[in-house]
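# Using only what follows, build the 3D model:
(2 chains)
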Number of protein chains: 2
Amino acid sequence: LAKPRRADFHAIILAGGSGTRFWPWSRMARPKQFLRLDGGHSLLASTWRRLRAFVPVERMWIVAPEALARTVRREIPDLSRSRLIEEPSPRDTAGAIVLACARVAAKHPDAVVGVFPSDHVIESAMAFRRSVEVARRAAEGGALVCLGVVPDRPATGFGYLRVGPLAADGSHAVERFTEKPDLETAERMVTGGGHLWNAGMFVWRASRLLEEARRVAPTVAVPAERYAAGSARAWSRVEKKSIDYAVMEHAEGVRAVPLQAGWDDLGSWEAIVRHGSGVADANVIRVDSEGSRVLGDGPFTAVVGVPGVLIVHAADAVLVVARDRTESVRHVVDRLRREGRDDLL
Amino acid sequence: LAKPRRADFHAIILAGGSGTRFWPWSRMARPKQFLRLDGGHSLLASTWRRLRAFVPVERMWIVAPEALARTVRREIPDLSRSRLIEEPSPRDTAGAIVLACARVAAKHPDAVVGVFPSDHVIESAMAFRRSVEVARRAAEGGALVCLGVVPDRPATGFGYLRVGPLAADGSHAVERFTEKPDLETAERMVTGGGHLWNAGMFVWRASRLLEEARRVAPTVAVPAERYAAGSARAWSRVEKKSIDYAVMEHAEGVRAVPLQAGWDDLGSWEAIVRHGSGVADANVIRVDSEGSRVLGDGPFTAVVGVPGVLIVHAADAVLVVARDRTESVRHVVDRLRREGRDDLL
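Numbering: from 1, shown residues only, chains lettered A, B, ... in the order given. Coordinates of the predicted model:
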């Protein structure tokens, strides 16, 4: 590994998420990262502010699909246009990250970059900043660093990192990636210790990531770097793969830095309820409806004799869903798609 | 009984209903009779039109609380102001009916009147008209005639009339009034025959009803007639009683004429669902939600994993209620009252 040398830190925010889990709030033109789920701020704006607290604006980058570029600029007016990296079409996280690292490295060859999803919640900005600082020092030494969330439950919706002993620099070697496990495996990993959740946040030298990507994932790295260098047609040849699957699981020198900052990926309506969003009691009456919840700006809502129901108001749609059936909301979106109801998608 | 003499027929519509069963659609200022439940027409307007088909407008009367008088005039612009009878305060049906009969009899001493609630649905205007015609002939002979609905199920929400054999004039003697029965009794009455539902529709000579009311219900009839004659203070002394309880159960010469016209009192949300009101499928998606229904003009609604739920949209409120718990909607109204939410009442 290269001998550590001090380098500027750049932050790359991935704003390319899409999805249907949060219908009717999230839409094609307004996916989850734009939802005001974090005390009135969009998740993207919160991510931006959390990083801006210690990263100068001229080292802040956002990667987003072309179709969302205007929305991103409206949401983040401080962002310089030259640091908004537009993807002509979605190519999953590996393509987006290689493209962004190539753009940063072209101007700042020594830069250490942190890569952050834009649709997570982090309660403690202070704890987050400390972990990033530890990760940055490890990355200066050449490591590919994952921020690993200390698990507090046997979640089956996340990937896990098996890590070795804690080194003096505050990082652990990553010994294995485990994709979303079954409950039994998850329980074993959480009670046995030595495992962290893979939260999709990374810190590394941009040049080091590119080097490793070229070696283990050339079908992603070669066309993505060509596109970054100016070949417009190269983008469509970027293979669609996640950064974990394409690079991290095969790379050398992968380390993890623990993060204990009240992280949540808000991956489901249940997570949003758990995070405490909900309509004030003044606008809801419940009769024999234990565990029912109302979310969103909507009319006064009365719930009678329907326990465990979640009611989600949006401007042009209402969702009434059993709290243990929220994963089936995608069937609603499928039907809307089949029926050509673009007004509701 | 007086010898039959041909008399003009007047129609009296009772528009005084109030209630909370249909919150959030019905409100204090807009009770059930004003709801557009009958193919886009309010129940009151449908009642008016059904009668106007065979009653000249100068023989049409409406009794309504003072507070609803403007709403009635807006809804029924044909109604002459001199035939809108205003009740200063609610005194139940006996007071309203005696007042109206006294007003009609003062100008038309021989009149036969039909008394009709304004919040029922009747599918066949033709069958209704025929029953009223039969009832009117019996009333010319001095009978107090109930229109009795031929039961099609052992409903426990209605009063029943036990009737004797069919007479040549198409009417039956009423032998007994049974208040809302338990299910077993209702089943016995319906399968055993000889019973009709008391639908709260009556036909009689106005003078004859007044005479009988004075005899069996003087605490209603005396002050109500005094009020009709001009004594404003008398109204508050009218005892609050239903016409059945005050007069019909004790009167002489009570007869019933069967009505088979697709009558429904729309007494519950279930009845409204049964009557076929509901939001078109284009504006609703159901996933694993058998028996769920959506009523009212509202945003697009998706129901996921919540069978048997009723969702009622109003402009400023939404009700989500288990279809077998609709009677508990009154608890919502009670809470709104206690919390002073007049905007929602």
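# Kindly provide the distance from residue A:294 to residue A:283.
8 Å (C-beta to C-beta, to the nearest Å). (C-beta placed from N, C-alpha, C; glycine too.)
# neighbour count winner among those two?
residue A:294 (23 against 14; other C-beta atoms under 10 Å in any protein chain shown).
# Mind telling me what element the more buried one is part of?
strand A:293-295 (DSSP states H and E).
# Is that strand in proximity to chain B?
No - Strand A:293-295 does not reach chain B (C-beta under 8 Å from any C-beta of the partner chain); its nearest approach is 9.0 Å.
# Identify the residues contacting that strand?
A:269, A:272-273, A:277-279, A:283-284, A:301, A:303, A:309-313, A:323 (C-beta atoms under 8 Å, 6 or more residues apart in numbering or on different chains).
# Could I get the full set of helices for chain A?
A:43-52, A:69-75, A:92-107, A:125-140, A:183-192, A:206-216, A:218-228, A:243, A:269-274, A:329-338 (DSSP state H).
# rank the ones you listed by mean pLDDT and give me the bottom one.
Averaged per stretch, pLDDT over the helices of chain A is lowest on helix A:269-274, reaching a mean of 85.
# Name the residues that touch it?
Against helix A:269-274 from outside (C-beta under 8 Å, 6+ apart): A:21-22, A:37, A:264-266, A:293, A:295, A:310, A:312, A:321, A:323, A:326, A:329.
# try it again with 7 Å
Residues from elsewhere that reach helix A:269-274, judged by C-beta atoms under 7 Å, 6 or more residues apart in numbering or on different chains: A:37, A:264, A:266, A:293, A:295, A:310, A:323, A:326.
# what about the fifth one, neighbour count?
Okay, so that is residue A:295. By other C-beta under 10 Å, 19 other residues sit near residue A:295.
# go on, residue A:241?
The number of residues packed near residue A:241 is 17, by other C-beta under 10 Å.
# try residue A:170
Neighbours of residue A:170 (other C-beta under 10 Å): 16.
# which residues touch the closest residue to it other than its chain neighbours?
Nearest residue to residue A:170 in three dimensions, chain neighbours excluded: residue A:134, at 4.1 Å (C-beta to C-beta, 6 or more residues apart in numbering or on different chains). By C-beta under 7 Å, 6+ apart, the contact set of residue A:134 is A:170, A:171, A:257.
# Closest one of those to residue A:42?
Nearest to residue A:42 among the contacts of residue A:134: residue A:257, at 26.6 Å, using C-beta to C-beta.
# OK, contacts around the closest one?
Per C-beta under 7 Å, 6+ apart, neighbours of residue A:257: A:131, A:134, A:135, A:138, A:145, A:147, A:148, A:170, A:171.
# Quick check, pLDDT for the residue nearest to residue A:279 when sequence neighbours are not counted.
In space, and not counting its chain neighbours, residue A:279 is closest to residue A:294: 4.2 Å by C-beta to C-beta, 6+ apart. Note on residue A:294: pLDDT of 94.
# Any idea what residue A:294 is bridged to?
Residue A:294 forms beta bridges with residue A:311, as assigned by DSSP bridges.
# where's it relative to residue A:278, distance?
As judged by C-beta to C-beta, residue A:294 and residue A:278 stand 7 Å apart.
# now do residue A:79
In terms of C-beta to C-beta, residue A:79 sits 31 Å off from residue A:278.
# Please identify which of those two sits among more neighbours.
It is residue A:79, of residue A:79 and residue A:278, that has more neighbours when counted by other C-beta under 10 Å, with 18 against 14.
# which non-adjacent residue is nearest that one?
That would be residue A:62: by C-beta to C-beta, 6+ apart, it lies 5.9 Å from residue A:79.
# ok, that neighbour - contacts?
Residue A:62 touches A:13, A:15, A:72, A:76, A:79, A:84, A:85, counting by C-beta under 7 Å, 6+ apart.
# can you pull the pLDDT of the residue of the stretch 51-200 of chain A found nearest chain B?
In the stretch 51-200 of chain A, the residue found nearest to chain B is residue A:157; the distance is 19.1 Å by C-beta to the nearest C-beta. For residue A:157, the pLDDT comes out at 87.
# Also residue A:327?
On the pLDDT scale, residue A:327 gets 89.
# same thing with residue A:5?
66.
# what does the one 4 residues further on give?
According to the per-residue confidence, residue A:9 scores 98 in pLDDT.
# for residue A:26, same thing?
On the pLDDT scale, residue A:26 is placed at 89.
# what's around it, how many residues?
Per other C-beta under 10 Å, the neighbour tally for residue A:26 reads 21.
# Setting the sequence-adjacent residues aside, check what's closest to it.
Closest residue to residue A:26 apart from its sequence neighbours, by C-beta to C-beta, 6+ apart: residue A:32 at 4.9 Å.
# contacting residues around the one you found?
Residue A:32 sits next to A:17, A:19, A:22, A:26, A:43, A:119 when contact means C-beta under 7 Å, 6+ apart.
# Tell me the buried residues within those.
A:17, A:22, A:26, A:43, A:119 (16 or more other C-beta atoms under 10 Å in any protein chain shown).
# Against residue A:94, how distant is the spatially closest residue to the second one that is not a sequence neighbour?
Nearest in space to residue A:22, with sequence neighbours left out and distances taken as C-beta to C-beta, 6+ apart, is residue A:32 at 5.4 Å. When C-beta to C-beta is the yardstick, residue A:32 and residue A:94 sit 20 Å from each other.
# Likewise for residue A:87?
Counting by C-beta to C-beta, the separation of residue A:87 from residue A:94 is 12 Å.
# Kindly report the same for residue A:234.
Distance from residue A:234 to residue A:94, by C-beta to C-beta: 15 Å.
# of the two, who's got more company?
residue A:94 (25 against 16).
# neighbours around the nearest residue to that one once chain neighbours are set aside, how many?
Of all residues not flanking residue A:94 in the chain, residue A:246 sits nearest, at 3.9 Å (C-beta to C-beta, 6+ apart). Residues contacting residue A:246 under the criterion other C-beta under 10 Å number 25.
# picking that back up, out of the buried ones among the contacts of residue A:32, flag the one nearest to chain B.
residue A:22 (12.7 Å).
# Could you check the pLDDT of that closest one?
On pLDDT, residue A:22 comes in at 91.
# ok, now residue A:114?
So residue A:114 comes in at 98 (pLDDT).
# Now distance to residue B:111 too, for the helices of chain A, in a markdown table please.
A markdown table is the format used below for the helices of chain A (distance: least, C-beta to C-beta, whole Å):
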| stretch | distance to residue B:111 |
| --- | --- |
| helix A:43-52 | 73 |
| helix A:69-75 | 72 |
| helix A:92-107 | 84 |
| helix A:125-140 | 83 |
| helix A:183-192 | 79 |
| helix A:206-216 | 96 |
| helix A:218-228 | 91 |
| helix A:243 | 89 |
| helix A:269-274 | 64 |
| helix A:329-338 | 59 |
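# and residue A:211, how many neighbours does it have?
Neighbour tally, residue A:211, other C-beta under 10 Å: 13.
# what do residue A:294 and residue A:283 both touch?
Shared contacts of residue A:294 and residue A:283 (C-beta under 7 Å, 6+ apart): residue A:301.
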